[in-house]
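Undergrad: Return a 3D structure for these sequence lines:
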Amino acid sequence: MMAGAAEDSRALFGAAVRAALQAWPALQIAVENGFGGVHSQEKAEWLGGAVEEYFFRNADLELDEVEDFLGELMMNEFDTVVEDGSLPQVSQQLQTMFHHLQRGDRAALKEMASLITQRKCKVRATALTTAGETDEDDDANSVEEMEVAATNDGAATDGVCPQPEPCGPDSQTIKEEDIVEDGWTIVRRKK
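TA: Modelled structure (predicted):
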């Protein structure tokens, strides 16, 4: 009976990890836009198992270790540097869920996973065309702006839905000055 309860708890933790990752806007955008290549969805599913296994192999993790691990996975698998402030939030959620598991507090783990799922927003990034843009523009030197829209409970809102706060009415665009020489885009936190 004890082994069955441990397996159930581990499965519950795995489901909670996947819920947290599926609710993470940075990962949603990376998957939706194929930042991980044609197998982005499969990589996102694998990511849940990799994070779960990471916690079980390293039971006494510090928050910065979890952040570093998630950041490395996002960079290695999706060519994405997460600089929107969500990395510490997601890391904290994962660490808190693991502490619930270690204490055997299945009810708190279930509640946290449920809360994350309820707050989940669908995030969509779309390219915007700017006034004065012509077909004669050189594609190699052109800059595209992106608008990020979040959806919560089926209602669309203009804005990002950072965890753990619910969606807001703000909008975020990438401006030309945020593109640095090597083609990387600087993602800034809203003030």
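
Undergrad: rest of the way, CA atoms for contacts and neighbours
TA: Will do.

Undergrad: Which other helices and strands does the helix or strand containing Leu94 contact?
TA: If you go by DSSP states H and E, Leu94 is part of helix 86-103. If you count contacts as 3 or more C-alpha pairs under 8 Å, 6 or more residues apart in numbering; DSSP states H and E, helix 86-103 packs onto helix 2-22, helix 63-78, helix 106-119.

Undergrad: Next, the angle from it to helix 106-119.
TA: Angle, helix 86-103 to helix 106-119, by axes from the mean of the first three to the mean of the last three C-alpha atoms, to 10 degrees: 150 degrees.

Undergrad: can I get the CA coordinates of helix 86-103 in PDB?
TA: What follows is helix 86-103, C-alpha atoms only, in PDB (Å, rounded to 0.1, in the frame of the first residue of the first chain):
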ATOM      1  CA  SER A  86       8.700  34.500 -15.300                       C
ATOM      2  CA  LEU A  87      11.600  32.100 -14.700                       C
ATOM      3  CA  PRO A  88      11.900  32.800 -11.000                       C
ATOM      4  CA  GLN A  89       8.100  32.500 -10.600                       C
ATOM      5  CA  VAL A  90       7.800  29.200 -12.400                       C
ATOM      6  CA  SER A  91      10.800  27.900 -10.500                       C
ATOM      7  CA  GLN A  92       9.300  28.900  -7.200                       C
ATOM      8  CA  GLN A  93       6.000  27.200  -8.100                       C
ATOM      9  CA  LEU A  94       7.900  24.000  -9.000                       C
ATOM     10  CA  GLN A  95       9.900  24.100  -5.800                       C
ATOM     11  CA  THR A  96       6.900  24.700  -3.600                       C
ATOM     12  CA  MET A  97       5.100  21.800  -5.300                       C
ATOM     13  CA  PHE A  98       8.100  19.500  -4.600                       C
ATOM     14  CA  HIS A  99       8.100  20.600  -1.000                       C
ATOM     15  CA  HIS A 100       4.400  19.600  -0.700                       C
ATOM     16  CA  LEU A 101       5.300  16.200  -2.200                       C
ATOM     17  CA  GLN A 102       8.200  15.700   0.300                       C
ATOM     18  CA  ARG A 103       6.000  16.500   3.200                       C
END
